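A.B. asks: only geometry, no sequence info:
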């Protein structure tokens, strides 16, 4: 059951990335998924890509909050690699 849920989550996240490969949210949530799966290098890449996402002119407060979340998760992933 859990494995099926993970496969579905991965498929949905990959679909979101296919629709919006440079989007802040899609990359953040994929990075979070990878972090939880202990795929730290891949998570770091996703979080860094999310930070490079263009600002959304109609969502400055949401983007600011998301960037803070990304920076925290990025630091967590890097700390896991550092030991």
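C.D. replies: Received it, and whenever you're ready, just let me know what you need. Keep in mind that what you see is a predicted model, and the values were worked out from it rather than measured. Numbers count the residues shown, from 1 in each chain.

A.B. asks: quick one: the strands in this protein, in order.
C.D. replies: Counting by DSSP state E, the chain yields no residue ranges for strands.

A.B. asks: which secondary structure element of it has the lowest mean pLDDT?
C.D. replies: helix 2-19 (a mean of 93; mean pLDDT, DSSP states H and E).

A.B. asks: which strands and helices sit next to it?
C.D. replies: On a contact count with 3 or more Cβ pairs under 8 Å, 6 or more residues apart in numbering; DSSP states H and E, helix 2-19 meets helix 24-36. All C-beta atoms are positioned from the backbone trio N, CA, C, and that covers glycine.

A.B. asks: what comes up buried for the helix it packs on?
C.D. replies: Residues 24-35 are the ones in helix 24-36 that count as buried (16 or more other Cβ atoms under 10 Å).

A.B. asks: just want the angle from that helix to helix 2-19.
C.D. replies: Orientation of helix 24-36 against helix 2-19 (axes from the mean of the first three to the mean of the last three Cα atoms, to 10 degrees) gives an angle of 150 degrees.
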